[in-house]
Each structure stands twice: as C-alpha cells, then as structure tokens.
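K.L.:
Sequence and predicted model, in that order:
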Amino acid sequence: MKDSLRRFKAEIFQALAHPTRIAIVEALRNGELPAGRLIDQLELEQANASQHLSVLRAKKGRGKPQGGQPGV
C-alpha cells in the first residue's frame, strides 16, 4: 500500500475520531441540513458544533489520494 493512501486513510480516521463528528456525518448522510437544525437535532452547543464542523470541512476538500484509489 502506498504511503499517500495510508496518509489519506489516517486523515479520514482522524476526522471521524470523535463521537460527535460521527453523529454529524450520520445526520448528513441523506443530504445537507441547516446548521441550526443540525444543532437542534443532535442537541449540541453552537460552539461545539462549529468546532466539529470545522474539522470535517477541513478534511472534506482533500479528495482521493494520488493514483485514483478510493480512500476508505
């Protein structure tokens, strides 16, 4: 396995390394939600939700590793 693929997978696992971020991903699996609705649905504090969404957004734009192989 190439190092670039391992790094890509590590970034994905890091993004999902908190139960709140997993809950956010699960809530969004059927499409986008307004932040307020997501916060209410998951019973989160706004600052906490913002912090976790920021981590997920930072990882989202990475795309596939070089070589075109799927990351996970």
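P.N.:
Everything's here; your move.
K.L.:
Quick one: distance of the helix or strand residue 55 falls within to the chain centre.
P.N.:
With elements taken from DSSP states H and E, the one containing residue 55 is helix 46-60. Relative to the chain's own centre, helix 46-60 is displaced by 8 Å; criterion: Cα atoms, centre = their mean, to the nearest Å.
K.L.:
What are the buried residues along it?
P.N.:
For helix 46-60, a neighbour-count test (16 or more other Cβ atoms under 10 Å) marks 49, 52-53, 55 as buried. To be clear about C-beta, it is placed using only N, CA and C from the backbone, and glycine gets the same treatment.
K.L.:
Put together TSV for those, with distance to residue 14 on each row.
P.N.:
Conversion of those to TSV gives the following (distance: Cβ to Cβ, whole Å):
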residue	distance to residue 14
49	19
52	13
53	15
55	8
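K.L.:
ok, now how distant is residue 51 from residue 3?
P.N.:
29 Å (Cβ to Cβ, to the nearest Å).
K.L.:
End to end on stretch 32-48, go ahead and measure it.
P.N.:
19 Å (Cα to Cα, to the nearest Å).
K.L.:
In this protein, where is pLDDT below threshold?
P.N.:
61-72 (pLDDT under 70).
K.L.:
List the residues that contact the residue positioned nearest the centre of the chain.
P.N.:
For the chain, the residue nearest the mean C-alpha position is residue 56 (3.5 Å; Cα atoms, centre = their mean). The neighbours of residue 56, taking Cβ atoms under 8 Å, 6 or more residues apart in numbering as the test, are 15, 21, 24-25.
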